[in-house]
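Participant: One predicted model, sequence on top.
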Amino acid sequence: MATRTGIGAPRGSRDRSGGRATGYNVGAPSWRYFDPILLVAALALTGYGALMIYSAALPRDATGVVISEPVVRHIASAAAGAVAMFIAARVNYRVLDVLGWFAYGFGILLLLAVLVVGVEQFGSRRWFDLGFTLVQASEVAKLLTIIGLAKFLTDYRDRLHEPRIFLLSLAVALAPALLVFLEPDAGSSSVFLMLWAVMAAFAGASVKHFLALGGVLVALVPAVLVVGVQDYQRARISSFFDPESDPQGSGFNVLQAELAVGSGGLTGKGFTEGTQTQLDFLRTQTTDFIFSVLAEELGFAGAMVLFALFLILILRLLRAITKAPDSFGQLLIAGIVTLIAVQTFIAVAVNIRLLPVTGIPLPFISVGNASMLVLFAALGIAQSVLLHRDT
Amino acid sequence: MGLFSDRRHPVLMAPGAEDDESLRIRVWLLGLFAVALFAVLTVQLVRLQVFRHDEFEAQATINRIRNTTLPAERGLIYDRNGRPLVENVPAFAISVIPADVPDGEERRIAAALAQALGVPAYSIEATILEGKRSIDPFFARLLEGDADQALAFELSAQASDLPGVEIAAVANRRYEAGELLGHILGYVGPITEEEFAILEADRYRISDRLGQTGVEAYYERVLRGVPGQRQSEVNAAGRELRTLRLEDPTPGNGIQLTIDLELQAAVHDILIDSMGGSLFASAVVVDVHTGEVLAMVSVPTYDPNIFTGEVDEDTLTALLEDEGRPLVNHVIADQFASGSIFKVITGTAALSEGVIHPDEVIFSPGVIEVQNEVDPRIVYTFRDTTSGYFDFLRGMAESSNVYFWYLSGGSPFQVAVAEELLTPEDIAEQRRLEAAGIIGGSQDFTGLGAERLAHWARAFGLDEPTGIDLVGEAAGAVGDPEWKLRTFGEPWGQGDSYNFGIGQGFVSVTPLQMAMVTAAIANGGQVLQPRVVGDIVDADGRVVEPFTPRIVRRLDVTPETLETVRRGMAMAVLGGTAGNAWFPEMQVGGKTGTAEFGEERLFKDEFPTHGWFLGFAPYEDPEIAIVVFHELGSGFLTAEAGGAILRAWGEINGVFGSVMPALGQLPVRTVEAFNEIARRLP
């Protein structure tokens, strides 16, 4: 434990014992520190997701087992993710410290590019078309922004009490958040801000600053609603508060999802037996409303298993923070915990009428190549912090 | 202070316990943050999945289950000889549910429908838009009730482009007999929004038709059958995926009318021919033993087929504006003063109550006077069209008002003997009867009085609906002293009793009621409930509910009394006012009535009149009773139509030859000749 460096320690203070001070990627990873539980939890979630996607995408006249395209896609992207995880684990996470601003800048570049060359779907420009698949730019940018925030908060750790630095740290997240908001994708935009808020708090930002900022935001809310909210967002928000006003239109999905979840009860209607799911009352079942499929067919018990898997994952990540050798590593993992927890919360909340519909994928469960790859890569980074803690 | 601050730690910080402690706290807080998020989700899940589970489960079931009503085939209707009278013609009903038409799509959908249906697009668009604003935008508006298969297929093919448009297989009724049976069969028509609200529970569909009047309405439950139901699972797009439960419909039962279509047609023609200037006329023929209605005609009539599809506005307007009120069945729904046909009731009552002996003679000078009870200075004059000496047969045959005034109200205040009205023969007869001591009608002759008259009128079934199996029957009215006091605040006078006894004043009756009175006289005193429906049969023609005559009550009369009344009626045809009803092939009985109504005409005591005739046949062993009514007519002329109807019945049923031919009509109007004919009556 002698090599443990406290948070807030500047870069130069890092321990370079063992004579491997020639670079950041010098220490060989210690695979004995690899956390298999983290991997198993992630794989369990992915498998759980595959089951739900299987049910959601089951053709209505299917007899026997029909492995549909979304299931294959899900498993394939999970496999690719697992590879990405091992690569990321192998690479010393300190490379990200050096390349932090490049990574962050690349994320910003992606978000700018998607606004120009992105593919438009459902009135929103969020995706790059790679020919064989669509990649949601903001998914990649989330991880890159975590790196950028971790770097900034580490570098300016001791000046974070200055309002200017506090606001600058906000700017780091605000830039991608605004670009994502322009796509438009208010849901993902809010994830960026949550990443900043939690990471900044974890880094030790002042409560007073948060309160002051909060006050300003509340004052701005009416202006934002009038100017900045798109029509489709207004429809989503109004259908969230009063879905019965248009039960066949924009409120349909919200009502049907709530119905699916509620009718699932304690133990659910049985795998592939959910009427809301199988009779297509639920829309976008493999993405936005995947949780409704789970809650309908496997019930409250199924949802609790899901939450338990997420909590195991998060607990292992929290454990990894305590093992992290430096504040940069700690902040990286804190950001990853936030990413998973906040996205899970939002993705589930829209299914049970706690939040208006946003296009946030449920981590490891929803179909989504970029999301899956990024999440596994993020876990890889956390593993890297563990593997390189002695270097 | 930082949120999780450890700012007090030096910049260059050696690893140590204090630092570990700070990190531990921050990790804990981060963990708590994550757990809090999941806790919020869990609480909401418990709310939805545990506490509100039942509610959502029920809604999810409604979501996926669709109940489709399978209409049963409507029962058919036949005449008494098994002739089919209606046909079920397969058709398609096209309707629109305004609420299901997306906003902004109204014009496009209206245009598409207009092209297919040949209706102006603006009117369909107006229907949709008005429907959306109405109280019940989910109530389907019927656009076309009689679309053919080609049109239905064409629209089904475009179903996905026409949200809110519904196509349902229906069966429309075609009434083979057209206007001949309009009032009896009635028709089935579209269900109104108000009716649907009540009927929905009985599995009616909005595209269904409902019996609106006549037998179709009265026997709706019999004819309709029991609709089936298919419960199927549907997906979100509304496509049926599988049938969960199937309940086959049970076809409606058939109905055999008591009506003889041939007789009905004959009666119809006779009425049309005899109407003259009457706005309307009606006739009914009933079986005196069972109450079965063999024919029931009210003209002008209407063709029920015009109501089965979309009703043509002009046709409907013409029907509603026709002064003869073609939509009204005047046999059952209209009530009038009965006039002299009421004398069969007065006569039966007087004989039964012992007010008079059939042979007792009353002298009529043609005019009597009645003193006002309150103010004796006011004296009313009651004029008659005939005069002389009347026993029961002659009184009935000649329809002497004076004779029946005596029977109903007793001897008058003053008999104004107008000698100039009397023929020398009358005077000679008077002398002879006085000498023989059998002349009646003295100053102290007591009549029936209002109470007994009212009692008998009601016993015969007046003042209440006959209970026929048709909708819209009128009850008629019989006013008695108590009623008059209550209604007008005036006491009953002798003049009121006089009016009562000859079917004027406070009496009003329907032709059907009088037919049942006649039947009771003809059948020995049973007041029957008339029916237009005989057996109820199933789809295979097996009788499921046989016809049974229903007796309303038995009159307290002797056979001899009724025979006397029937003799009087026979003599009215042979040698009295109903002579126009006479025909040679069969002996019949009848009674005319010329009922005054409305306002006095130009001259005093001149009123417009309705023509009545009631009769029965054959005389010896009566089988049928009839009533004929002519608006704005006279009994003498109506009797002719009555005779024609009786004759038509005899002809159709082959009765001629099996009964004794009728006696010849009275050639000379003398008492001797009259008595001679009466003696020859069986």
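Facilitator: Arrived safely. These figures come from a predicted structure and were not determined experimentally.

Participant: isn't residue B:523 right next to residue B:286, touching?
Facilitator: No: Residue B:523 lies out of contact with residue B:286 (C-beta atoms under 8 Å); the separation is 10.1 Å. (Glycine included, C-beta is placed from N, CA and C.)

Participant: Between those two, tell me which one has more neighbours.
Facilitator: residue B:286 (31 against 21; other C-beta atoms under 10 Å in any protein chain shown).

Participant: Spatially nearest residue to the closest residue to chain B within the stretch 251-391 of chain A, not counting backbone neighbours?
Facilitator: When scored by C-beta to the nearest C-beta, the stretch 251-391 of chain A has residue A:262 as its residue closest to chain B, at 2.8 Å. Nearest-residue entry for residue A:262: residue B:56, 2.8 Å, with adjacent residues in sequence omitted and distances by C-beta to C-beta, 6 or more residues apart in numbering or on different chains.

Participant: Up against chain B, what does the stretch 51-200 of chain A have?
Facilitator: A:60, A:158, A:160, A:161, A:198 (C-beta under 8 Å from any C-beta of the partner chain).

Participant: among the residues you listed, which are in helices?
Facilitator: Among these, the members falling in helices are residue A:198 (criterion: DSSP state H).

Participant: Farthest-apart pair in the residues of the stretch 51-200 of chain A next to chain B, please.
Facilitator: A:60 and A:158 (61.1 Å; C-beta to C-beta).

Participant: which secondary structure element contains the residue in the stretch 1-150 of chain B that chain A sits nearest to?
Facilitator: Nearest residue of the stretch 1-150 of chain B to chain A: residue B:56, at 2.8 Å (C-beta to the nearest C-beta). Assigned by DSSP states H and E, residue B:56 belongs to helix B:53-64.

Participant: rewinding a little: which one of residue A:60 and residue A:158 has more residues nearby?
Facilitator: residue A:158 (16 against 10).

Participant: For the more buried one, give its distance to residue A:203.
Facilitator: 10 Å (C-beta to C-beta, to the nearest Å).

Participant: Repeat that for residue B:333.
Facilitator: Counting by C-beta to C-beta, the gap from residue B:333 to residue A:203 is 94 Å.

Participant: of these two, who's got more company?
Facilitator: Shown here are residue B:333 and residue A:203; by other C-beta under 10 Å, residue A:203 has more neighbours (27 against 19).

Participant: what about the closest residue to chain B within the stretch 101-250 of chain A, how many residues close to it?
Facilitator: Nearest to chain B, among the residues of the stretch 101-250 of chain A, is residue A:204, at 3.9 Å (C-beta to the nearest C-beta). The tally of other residues near residue A:204 (other C-beta under 10 Å) stands at 24.

Participant: Contacts for the helix holding residue B:56 next, please.
Facilitator: A:256, A:258-266, A:275-276, A:279, A:281, B:48, B:233-235 (C-beta atoms under 8 Å, 6 or more residues apart in numbering or on different chains).

Participant: follow-up on the earlier one: was I right about the residue of the stretch 101-250 of chain A closest to chain B contacting residue A:158?
Facilitator: No: the pair residue A:204 / residue A:158 is not scored as a contact, 9.5 Å apart, by C-beta under 8 Å.

Participant: Report the buried residues of stretch A:40-53.
Facilitator: Using 16 or more other C-beta atoms under 10 Å in any protein chain shown as the test for burial, stretch A:40-53 gives A:41, A:42, A:43, A:44, A:45, A:46, A:48, A:49, A:50, A:51, A:52, A:53.

Participant: which residues of the stretch 551-682 of chain B score low on pLDDT?
Facilitator: Within the stretch 551-682 of chain B, the stretches with pLDDT under 70 are B:600-605, B:667-668.

Participant: Strands of that one, residue ranges please.
Facilitator: With DSSP state E, counting those that start in this stretch as the definition, the stretch 551-682 of chain B shows strands at residue ranges B:551-554, B:589-596, B:609-617, B:624-630.

Participant: which one of the ones you listed lies closest to chain A?
Facilitator: The nearest among the strands of the stretch 551-682 of chain B, by C-beta to the nearest C-beta, is strand B:551-554 at 57.8 Å.

Participant: For that closest one, name the packing helices and strands.
Facilitator: Counting by 3 or more C-beta pairs under 8 Å, 6 or more residues apart in numbering or on different chains; DSSP states H and E, the packing neighbours recorded for strand B:551-554 are strand B:526-528.

Participant: at 10 Å what do you get?
Facilitator: Applying 3 or more C-beta pairs under 10 Å, 6 or more residues apart in numbering or on different chains; DSSP states H and E, we find strand B:551-554 packed against helix B:449-459, helix B:511-523, strand B:526-528.
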